[in-house]
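K.L.:
all I have is the shape, not the residue letters:
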């Protein structure tokens, strides 16, 4: 798969290069190598084949064609970084320990891997960010918004577009916020985009927020730490404000749906205490932190779910 992404095989087929010879010419590779690679991808249902002509399976067309707005290929670079690969190589030890065998794992301060993540995930997160912003706008206009673990910044940027009077305050490591700032400038909201660099557990967020975005963040920590953090979020919100948690949310059986449930293995390998939490667990953490009402939105946010906690 990495070889096909590196060579842009899926993109070549999307551009109409559908024979091994044409794909090889577009990808600057040997025809024999391309034929064997494409046949292998066909066997595993990433490609289709009729005669000598290859086509894209639906998921490949959506996620692996570089021209697609949902292109995910760049995420491979993050998933194959030294820390993550090393974490999974030590999975046996992680199971014994109950958490990553690499100290802080991916949670090291100013970890440069998160810069790679922010750049790689921006295209894929554009659509979920729009879904989230639209869903949250139904609950009223937000003027002061806090974006926790902003990363690429797309969630806060989408909220800014749906709320023209909103100022976005983005929290993340300083090196990662440089990517978010680039994206905010490109989106034309630089004058409404404010940076809060540092550890989210230690940064002074201020107060009076209408909305706090907590996207794919809480899964890195155990429930006690999540509850502590949600207390901090509760204090930062104005009365009646909302905290929007976007994350993998498995069903109570913890084995379905597959993508959300399987994410707990990534957390076991790469974090000391992280997990994929059910709605009941998010509800308890939020209520223990002082929130009055907690809801699970019906509409998925991409492969995530939206949990809204009301102050």
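P.N.:
The structure has been received and is ready for your questions. The structure displayed is predicted, hence computed values, not measured ones. Numbering: from 1, shown residues only.

K.L.:
wouldn't residue 130 be in contact with residue 158 here?
P.N.:
Yes - Residue 130 is within contact range of residue 158, at 5.3 Å (criterion: C-beta atoms under 8 Å). Where C-beta positions appear, they are placed from N, C-alpha and C, glycine not excepted.

K.L.:
can you map out the helices along the protein?
P.N.:
Secondary structure of the chain (DSSP state H): helices at 2-7, 9-14, 20-27, 31-43, 58-63, 75-79, 82-89, 91-97, 113-137, 154-162, 174-186, 223-236, 258-270, 279-288.

K.L.:
what residues sit buried inside the shortest one?
P.N.:
It stands for helix 75-79. Under the neighbour-count criterion of 16 or more other C-beta atoms under 10 Å, helix 75-79 has 75, 77, 78 buried.

K.L.:
turn those into CSV, columns for pLDDT and distance to residue 229.
P.N.:
Converted to CSV, these look like this (pLDDT from 0 to 100; distance: C-beta to C-beta, whole Å):
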residue, pLDDT, distance to residue 229
75, 74, 26
77, 70, 29
78, 71, 24
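
K.L.:
redo those as TSV? Include distance to residue 246.
P.N.:
Output for the buried residues of helix 75-79, formatted as TSV (distance: C-beta to C-beta, whole Å):
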residue	distance to residue 246
75	17
77	23
78	18
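
K.L.:
can you list the domain ranges for the chain.
P.N.:
As given by automatic domain parsing, the domain ranges for the chain are 2-63, 97-310.

K.L.:
so of those domains, which one's packed in deepest?
P.N.:
domain 97-310 (a mean of 19; mean count of other C-beta atoms under 10 Å).

K.L.:
mean confidence for that one?
P.N.:
For domain 97-310, mean pLDDT is 95.

K.L.:
can you give me the end-to-end distance of that domain?
P.N.:
36 Å (C-alpha to C-alpha, to the nearest Å).

K.L.:
spit out the contact partners of residue 70.
P.N.:
By C-beta atoms under 8 Å, 6 or more residues apart in numbering, residue 70 lies in contact with 62, 63, 123, 124, 126, 127.

K.L.:
returning to what we had before: which of the helices of the chain sits closest to residue 302?
P.N.:
The minimum distance between residue 302 and the helices of the chain falls on helix 113-137, with 3.5 Å, by C-beta to C-beta.

K.L.:
ok, now how distant is residue 250 from residue 262?
P.N.:
Residue 250 sits 9 Å away from residue 262, going by C-beta to C-beta, to the nearest Å.

K.L.:
now residue 100
P.N.:
17 Å.

K.L.:
give me the most central residue, this protein.
P.N.:
The chain has residue 216 as the residue nearest its centroid, 5.9 Å off, counting by C-alpha atoms, centre = their mean.

K.L.:
which residue of this protein sits farthest from its center?
P.N.:
residue 51 (38.4 Å).

K.L.:
what's near enough to touch that one?
P.N.:
Contacts of residue 51 by C-beta under 8 Å, 6+ apart: none found.

K.L.:
nearest residue to residue 27 other than its sequence neighbours?
P.N.:
residue 7 (4.3 Å; C-beta to C-beta, 6 or more residues apart in numbering).

K.L.:
from residue 16, how far out is the one you found?
P.N.:
In this view, residue 7 and residue 16 are 16 Å apart by C-beta to C-beta.

K.L.:
could you do residue 182 as well?
P.N.:
Remark: distance between residue 182 and residue 16 (C-beta to C-beta) = 33 Å.

K.L.:
residue 110 too?
P.N.:
44 Å.

K.L.:
hmm, back to that, out of the domains of the chain, nearest to residue 82?
P.N.:
Nearest of these (C-beta to C-beta): domain 97-310, 8.1 Å.

K.L.:
show the pLDDT at the residue farthest from the centre of the chain.
P.N.:
Residue 51 is assigned 97 on the pLDDT scale.

K.L.:
for residue 146, see how far away it is.
P.N.:
Using C-beta to C-beta, residue 51 is found at 56 Å from residue 146.

K.L.:
chain neighbours aside, what residue packs nearest to residue 106?
P.N.:
residue 270 (4.7 Å).

K.L.:
actually residue 185, not the one I typed
P.N.:
Distance criterion C-beta to C-beta, 6+ apart; nearest residue to residue 185, sequence neighbours excluded, is residue 193 at 7.8 Å.

K.L.:
longest strand in this structure, please.
P.N.:
For the chain, the longest strand by residue count, based on DSSP state E, is strand 237-247.

K.L.:
and the helices of the chain: which comes nearest residue 306?
P.N.:
Closest of these to residue 306 is helix 113-137, at 6.3 Å (criterion: C-beta to C-beta).

K.L.:
from the contact counts, what lies against the closest one?
P.N.:
helix 75-79, helix 154-162, helix 174-186, strand 209-215, strand 237-247, strand 305-310 (3 or more C-beta pairs under 8 Å, 6 or more residues apart in numbering; DSSP states H and E).
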